[in-house]
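Novice: predicted model, plus sequence, below.
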Amino acid sequence: MSRLVRILIAVVFVMAVGVTSITATYAAQPDRATLPGSAPAWANRKNFVSPADPTGPVNFRVYLGWQNGAGAETLASAVSNPRSPSYGQYLTPAQFRKQFAPSQSQVNAVRSWLGSQGFTIDYTPTNNHYVAAEGTVAQAQAAFGVGLSMYKVLGETLRAPSADVSIPSSLAGIVEGVLGLDQSALFVQPDHVKEAPPSPGFRNSPPLSDYWAEKVSPYAYPPGFTDVSKPPTAPWSVRGHTPAQVKGAYGISGYDGAGQTVAIIDAYASPTILQDVNHWSTNRGLPTMSPSQLVQVAPPGVYKRPENPRQDPQGWYGEETLDVEAVHGMAPAAKIVYVAGPNNYQDLDAGMNHVVDMHLAQIVTNSYGFLGEVLPPGYIKPFNDTLIQAAAEGIGVYFSSGDSGDETSNLGFPSTDWPAASPWVTAVGGTSLGVDQNNNRAIETGWGTSNYNCDPVSLVCTRTGWLYGSGGGVSKLFPEPSYQSDYGLHLTGRGVPDVAALGDPQTGYLIGQTQTFPDGAYYDEYRIGGTSLSSPIFAGLMALSDQKAGFAHGFANPYFYSNSSAFYDVVSTKTAVARRNYVNGVDPSNGTVDRLRTFDDYSGSPTQSTGAGWDDVTGLGSPTGIP
């Protein structure tokens, strides 16, 4: 299982207790306004380690809200709804800024206050959505009227305010959040599953089938997972699905994405991405990409960032490779704009704002997220505002729904992931997909997996526990959006996911990447999965859909829910596959181990199930043709 997003939502619920400021010096001041919920709940006495070093650096962003935010939401809804007379009448970035962006005088007021507190002002984007600044811990404590301390949580020592921050009352109607004083963003991770450390080389061990059930193992199906009677024992897992197989299974043909642009946002940037995607493309019989077709927007210093356990840049190299090759496989003539954050902290949000405000693409795919949705409002509200701007401009934003089911296995209670829980994104869940030798869908069901260790002599397989599965559930933060209630769901909140595509790593995608092996660094290929795969597959598909329609579908959820017959209704099929793993992840020198992996298994995610109609594993379903 990947180190998905170890954000601290478990303690958010179980330790949601007030904390008196560690440093009494920073008591409430007159003529100040508090930003409720700006201190994470893990910043409490139980986790306290020490006061933060007052000379330490702090980089943060002060977010400003849209003017007439309700009007921006209304407009974004209207231009995205096929039943509205305003459907497709998107704003340009300049038009959005003129109607809804914070005024220059508001930005100047924030900048003036930050400057008066001794901060260095770094940057303000053209939509005036935030002011980025930097300074010291001591300056931040004085400016925001709260002590900053270090807290030990899940093995990490993180900085956070010990209480909600405050700002001058004159800015209360302008500022909606401050992002970066606490280090919650450290826990953002990509939603991919490779089952080996991502930086060293990795290979899948044979036996490997080229298509569903080509090779059959001697291992019997686990009890309760025998819905597929042929073959009589579990088939071996596939080498990795190719674009031709995925397109064949989903009935996709006739379009290549020409004239369309898809943006991908990740942290860091692989220094070998262009040569890797072209090597992979040649092996798949696809056209290669030129530097003008694969455009990388990367800050200085991003390439060749030293590997470190806190940020894991080489792990993000694999994410970028997966995202680019999945989009290119679906839409080989589409332009891809890769936007690299210089870290996997709050700069991912800045990357999204840049893509939207510059309108770099009509489709954006994001394969990262927080485990759970309960975060300080400083994370939620500003990012949601960016997504509203995207919808108003006709930009469709796709997020992976997560790889830990309903999160019960991690948190002890169900929760959807953020940002997939936002009603302004299309959340993409994962499926287990089998493709036959003619590239037709042989089987597709919800992705939920338990592991069984198998003895190759006795052929007995013993269950060890639940591993992972498609993220999904019902948001506790957002009410059910109209596109879901009009569809007839009647949920208690926003339901996740909306749609689904191939995600199960047992039936995953074959990608190619330069990796470091014991005998050197070179290109090789391996199978990978996760909703990190599902999201870019669907984004590539929507590039074909936009090409076919002759216009950008933009925020497509209202279109999807009003055209649900365009999707394959993924239902329950409880079966399993066998896989063999190299113990060292590379070769058989240290031996191999055999495993069974189940499909459609929610034993560790008890609120989920796959069934007829919308469900909290696969949403409306997977593609059947171009929607």
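Specialist: Arrived safely.
Novice: write down the beta-bridge partners of Ala160, one by one.
Specialist: Listed by DSSP bridges, the beta-bridge partners for Ala160 are Ser149.
Novice: can I assume it is in contact with Asn47?
Specialist: No - judged on Cβ atoms under 8 Å, Ala160 makes no contact with Asn47 at a distance of 9.1 Å. To be clear about C-beta, it is placed using only N, CA and C from the backbone, and glycine gets the same treatment.
Novice: looking at these two, which is more packed in?
Specialist: Applying other Cβ atoms under 10 Å to Ala160 and Asn47 shows that Ala160 carries more neighbours, namely 27 against 22.
Novice: got the contact list for the more buried one?
Specialist: When the contact criterion is Cβ atoms under 8 Å, 6 or more residues apart in numbering, the partners of Ala160 are 39-40, 42-43, 148-149, 151, 181-184.
Novice: before we move on, what about Ala578?
Specialist: In this structure, Ala578 makes contact with 217, 219, 234-237, 454, 594-597, judged by Cβ under 8 Å, 6+ apart.
Novice: of those, which belong to helices?
Specialist: Judged by DSSP state H, the subset of those located in helices is empty.
Novice: can you redo the residues you listed as CSV with pLDDT, distance to Ala340 and neighbour count?
Specialist: Listed next are the contacts of Ala578 as CSV, based on pLDDT from 0 to 100; distance: Cβ to Cβ, whole Å; neighbours: other Cβ atoms under 10 Å:
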residue, pLDDT, distance to Ala340, neighbour count
Ser217, 98, 41, 23
Tyr219, 98, 43, 23
Ala234, 98, 40, 28
Pro235, 98, 39, 23
Trp236, 98, 37, 21
Ser237, 98, 32, 26
Cys454, 98, 41, 22
Asp594, 98, 39, 20
Arg595, 98, 35, 21
Leu596, 98, 38, 25
Arg597, 98, 33, 24
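Novice: return the closest of those residues with respect to Ala521.
Specialist: Ser237 (26.6 Å; Cβ to Cβ).
Novice: for Val339, see how far away that closest one is.
Specialist: Using Cβ to Cβ, to the nearest Å, one obtains 33 Å as the distance from Ser237 to Val339.
Novice: now Ala331
Specialist: The span separating Ala331 from Val339 equals 18 Å under the rule Cβ to Cβ.
Novice: for Asp210, same thing?
Specialist: Taken as Cβ to Cβ, the spacing of Asp210 relative to Val339 amounts to 35 Å.
Novice: in terms of neighbours, single out the busier of those two.
Specialist: When Asp210 and Val339 are compared for neighbours, Val339 comes out ahead with 24 against 14, by other Cβ under 10 Å.
Novice: buried residues in the helix or strand where that one lies, which are they?
Specialist: Secondary structure assigned from DSSP states H and E places Val339 in strand 335-341. Neighbour counts over strand 335-341 (16 or more other Cβ atoms under 10 Å) mark 335-341 as buried.
Novice: name the nearest of the residues you listed relative to Phe60.
Specialist: Using Cβ to Cβ, Gly341 is the member of these that lies nearest Phe60, at 15.5 Å.
Novice: okay, now the unreliable bits of the protein?
Specialist: Scanning the chain with the threshold set as pLDDT under 70 gives 1-30, 185-200, 298-316, 342-346.
Novice: tell me the helices and strands packed up against the strand holding Val339.
Specialist: If you count contacts as 3 or more Cβ pairs under 8 Å, 6 or more residues apart in numbering; DSSP states H and E, strand 335-341 packs onto strand 261-267, strand 294-297, helix 313-330, helix 347-357.
Novice: switch the ones you listed over to CSV; also include distance to Leu510 and mean neighbour count.
Specialist: Conversion of those to CSV gives the following (distance: least, Cβ to Cβ, whole Å; neighbours: other Cβ atoms under 10 Å):
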stretch, distance to Leu510, mean neighbour count
strand 261-267, 19, 27
strand 294-297, 19, 18
helix 313-330, 9, 26
helix 347-357, 27, 23
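Novice: how about those, which one is nearest Ser103?
Specialist: Nearest to Ser103 among the helices and strands packed on strand 335-341 is helix 347-357; the distance by Cβ to Cβ comes to 16.0 Å.
Novice: partners of the next helix or strand after the closest one, with directions?
Specialist: Beyond helix 347-357 in the direction of the C-terminus, DSSP H and E gives the next helix or strand as strand 363-366. Looking at strand 363-366 with DSSP bridges, its paired strands and their directions are strand 261-267 (parallel), strand 396-400 (parallel).
Novice: from the chain's centroid, how far away is strand 363-366?
Specialist: When distances are taken as Cα atoms, centre = their mean, to the nearest Å, strand 363-366 is centred 10 Å away from the chain's centroid.
Novice: and for stretch 547-558?
Specialist: Between the centre of stretch 547-558 and the centre of its chain there are 21 Å (Cα atoms, centre = their mean).
Novice: that one: end-to-end distance?
Specialist: The first residue of stretch 547-558 is 19 Å away from its last residue (Cα to Cα, to the nearest Å).
Novice: which residues touch the closest residue to Arg441 other than its chain neighbours?
Specialist: If you skip the residues right next to it in sequence, Arg441 has Ala249 as its closest partner in space, 4.2 Å away by Cβ to Cβ, 6 or more residues apart in numbering. Under the criterion of Cβ under 8 Å, 6+ apart, the contact list for Ala249 reads 433, 435, 439-441, 444.
Novice: ok, and the most crowded of these?
Specialist: Most crowded among the contacts of Ala249, counting by other Cβ under 10 Å, is Leu433 at 31 neighbours.
Novice: against Ala442, how distant is that residue?
Specialist: Note on Leu433: its distance to Ala442, by Cβ to Cβ, is 9 Å.
Novice: next one: Asp417
Specialist: The gap separating Asp417 from Ala442 is 30 Å, by Cβ to Cβ.
Novice: higher neighbour count, the two?
Specialist: Between Asp417 and Ala442, counted using other Cβ under 10 Å, Asp417 has the larger neighbour count: 33 against 16.
Novice: follow-up on the earlier one: so of the contacts of Ala249, which ones are in strands?
Specialist: Secondary structure assignment (DSSP state E) places 433, 435, 441, 444 from the contacts of Ala249 within strands.
Novice: most widely separated two among those residues?
Specialist: In these, the most distant members under the criterion Cβ to Cβ are Val435 and Glu444, with 9.2 Å between them.
Novice: need the overlap of contacts for Ala160 and Asn47.
Specialist: Common neighbours of Ala160 and Asn47 are listed as Tyr151 (criterion: Cβ under 8 Å, 6+ apart).
Novice: how about the helices in the stretch 351-500 of the chain?
Specialist: Assigned by DSSP state H, counting those that start in this stretch, the helices in the stretch 351-500 of the chain fall at 377-392, 408-411, 482-487.
Novice: what's the angle between the longest one and strand 396-400?
Specialist: Yep, that's helix 377-392 we're talking about. Regarding helix 377-392 and strand 396-400, their directions subtend 140 degrees when assessed with axes from the mean of the first three to the mean of the last three Cα atoms, to 10 degrees.
Novice: list the helices and strands helix 377-392 packs on?
Specialist: Applying 3+ Cβ pairs under 8 Å, 6+ apart, we find helix 377-392 packed against strand 57-64, helix 69-80, helix 93-100, strand 175-179, helix 347-357, strand 396-400.
Novice: mind running it again at 7 Å?
Specialist: In terms of contacts (3 or more Cβ pairs under 7 Å, 6 or more residues apart in numbering; DSSP states H and E), helix 377-392 is packed against helix 69-80, strand 175-179, helix 347-357.
Novice: check which residues of that helix are buried.
Specialist: Of the residues in helix 377-392, those buried under the neighbour-count criterion (16+ other Cβ under 10 Å) are 377-380, 382-392.
Novice: so which of these comes closest to His553?
Specialist: Distances from His553 to these, taken by Cβ to Cβ, are shortest for Ala391, at 11.0 Å.
Novice: so that closest one sits against Trp424, correct?
Specialist: Yes - in this structure, Ala391 sits in contact with Trp424. The criterion is Cβ atoms under 7 Å, and the distance is 5.6 Å.
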